[in-house]
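[1] structure for the following, please:
(one chain, ligands or ions: 1)
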Amino acid sequence: MPDLNTTMDKIVSLAKRRGFVFQSSEIYGGQSGAWDYGPMGVELKNRIARFWWKEMTQLHDDIVGLDAAILMHPRVWEASGHVENFTDPLVDCKKCKTRFRADQIDPDKLARKVCPDCGGELTDTRKFNLMFKTNIGPVDDGTGLIYLRPETAQGIYVNFRNIVQSNRMKIPFGIAQIGKAFRNEIVTKNFIFRTCEFEQMEMQYFVKPGEDEKFFEYWKAQRWAYYEKLGIRMDRLRWHRHGPDELAHYAKDAYDIEYEFPMGFKELEGVHNRTNFDLTRHQQFSGKDLQYIDQDNGNERYLPYIIETSAGLTRQLLMVLCDAYDEQKVADKGTDDDFRTVLHMHPVLAPVTVAVLPLMKKDGLAELAQGIRNELKEEYSTDYDQSGAIGRRYRRQDEIGTPYCVTIDYQTKEDRTVTVRDRDTMAQDRVSAAELPNHLRAKIKAYKRV
Ligand code: GAP
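    Here you go, the predicted model:
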């Protein structure tokens, strides 16, 4: 009997085998800290992003979107505090050349400067800035220094005034953004959990000073409810409040939502009370007045406080894979076929929503199936598979999390009915082909994690 525990190795292997995630530049030996999203991975990533975007913008009347540039004026990162403070403590082993984050090795070994891997001598601890630097313009003499953004948030702060003016936003309101961020992480491990290139989904909510604590609690509750809607096993989530030594330089209070990954509970997203730190600094560094004028309140002027919800898109994708992954015994024949690997992800996230499978290629069943697939295409992402035994085809779809398999058989020829197999229960319903879109719509709406 196989080991039925979910491990990161199994997730990595499935992700590669089924086209979710590949190592970057694999044919050259790989590039650490970077990953490529294959045909299934890009669909899953886009669907998570769409779910988050809908949740934040469509379902919150007071939140608007933004897509700011990755390259920003270098002064932004001085104002934000990243040039000075966005550092990790670093040590190198003089013997084996391994690099460590000083805060992640045994304090006793660090004090004695002993390498945890080979026992060699460690260098002194030094601060290492996580921002990637590059050069803009044709001359590389330092005058064109530019950073790859380490968080998407700053693009929102520098556009605060533009958005208030162009969209006549009234406080409290939020700005949401999804985009790439880059960090020169010293240790990248656990697959796509911590990478140098990743994507964030951030929302900055601007509030009147004094109302920040109320809205901080509101956004904590909203973000918790989001994971419930996403169909995540809630007993695998927990809150972690940052202690004084963990708080980022901008934060007055911060909570992480942590998920129990195969390697233990780890940060999934953060909810931060950033006070008016960011707008105060940008006002100071840019010389532009960034105060909000409250026209409904005697033109009162103030720099708003900011409540931030900051989630990693690529990290959320890893969480969805870990949460969905399951190995089940489904038969008792004493062969490998007794087990199936299945991804129980929410149907709105599944890369393929409906797979259409003719029982046989012959006797006109393939043509009938292709016709039904064409009818479903406009509304759903579909797959078509006519090769191999039907049981094997179901297993292939289970592995990529396809929630519904529609099978076309000889009865379909007679009465235009098909069977719909449910991924989670493996139960099959016979429905008329004409009713299929409605049937699927109702099933998706009623979806509950089993
Ligand atoms: N704007 C606030 C901010 O960036 P953070 O806690 O540094 O806060 C927010 O990052 C989220 O971004 C994290 O909870 C995580 O999901 C994701 N994230 C951060 N660094 C990451 C990395 N190196 N690789 C993948 N995701 C990362």
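[2] and the helix or strand containing Lys127, what other elements does it pack with?
    In the assignment (DSSP states H and E), Lys127 maps to strand 126-129. For strand 126-129, the elements it packs on are strand 87-92, judged by 3 or more Cβ pairs under 8 Å, 6 or more residues apart in numbering; DSSP states H and E. In short, each C-beta sits where N, CA and C put it, glycine included.
[3] strands paired with the next helix or strand after the strand it packs on, and their directions?
    Where DSSP H and E defines the elements, the next helix or strand beyond strand 87-92 is strand 99-101. Applying DSSP bridges to the sheet, strand 99-101 is found paired with strand 87-92 (antiparallel).
[4] how about the strand it pairs with: buried residues?
    By 16 or more other Cβ atoms under 10 Å, the buried positions in strand 87-92 come out as Asp88, Leu90, Val91, Asp92.
[5] over to stretch 216-225?
    Buried-residue list, stretch 216-225, by 16+ other Cβ under 10 Å: Phe216, Trp219, Lys220, Gln222, Arg223.
[6] what's the spacing between the last one and Tyr255?
    Counting by Cβ to Cβ, to the nearest Å, the gap from Arg223 to Tyr255 is 9 Å.
[7] need the overlap of contacts for these two.
    Val271 (Cβ atoms under 8 Å, 6 or more residues apart in numbering).
[8] ok, the residue in the chain that the ligand sits nearest to - contacts?
    The minimum distance from the chain to the ligand, using Cβ to the nearest ligand atom, falls at Gly312 (2.5 Å). Gly312 sits next to Phe198, Glu199, Gln200, Met201, Leu268, Glu269 when contact means Cβ under 8 Å, 6+ apart.
[9] out of those, which are close to the ligand?
    Among these, the ones lying near the ligand by Cβ under 6 Å from any ligand atom are Phe198, Gln200, Leu268, Glu269.
[10] ramachandran angles for the third one?
    Here is the backbone geometry of Leu268 (degrees, to the nearest 10): phi -110, psi -50.
[11] report all helices and strands that the one helix or strand Phe198 maps to contacts.
    Using DSSP H and E, Phe198 sits within strand 197-207. Contact here means 3+ Cβ pairs under 8 Å, 6+ apart; on that basis strand 197-207 packs against helix 39-53, helix 153-157, strand 173-182, helix 212-229, strand 305-312, helix 313-324.
[12] and the ones you listed as JSON lines, adding mean pLDDT?
    Listed next are the helices and strands packed on strand 197-207 as JSON lines, based on pLDDT from 0 to 100:
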{"stretch": "helix 39-53", "mean pLDDT": "98"}
{"stretch": "helix 153-157", "mean pLDDT": "98"}
{"stretch": "strand 173-182", "mean pLDDT": "98"}
{"stretch": "helix 212-229", "mean pLDDT": "98"}
{"stretch": "strand 305-312", "mean pLDDT": "98"}
{"stretch": "helix 313-324", "mean pLDDT": "98"}
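[13] tabulate the ones you listed (JSON lines), appending distance to Met72.
    Formatted as JSON lines, these follow (distance: least, Cβ to Cβ, whole Å):
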{"stretch": "helix 39-53", "distance to Met72": "22"}
{"stretch": "helix 153-157", "distance to Met72": "6"}
{"stretch": "strand 173-182", "distance to Met72": "12"}
{"stretch": "helix 212-229", "distance to Met72": "25"}
{"stretch": "strand 305-312", "distance to Met72": "17"}
{"stretch": "helix 313-324", "distance to Met72": "20"}
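[14] out of these, which comes closest to Trp77?
    Nearest to Trp77, of all the helices and strands packed on strand 197-207, is helix 153-157, at 7.5 Å by Cβ to Cβ.
[15] residues in contact with the spatially most central residue of the chain?
    Most central in the chain under Cα atoms, centre = their mean is Leu313, positioned 2.1 Å from the mean C-alpha point. Leu313 makes contacts with Lys45, Ile48, Ala49, Trp52, Ile178, Phe198, Glu199, Gln200, Met201, as judged by Cβ under 8 Å, 6+ apart.
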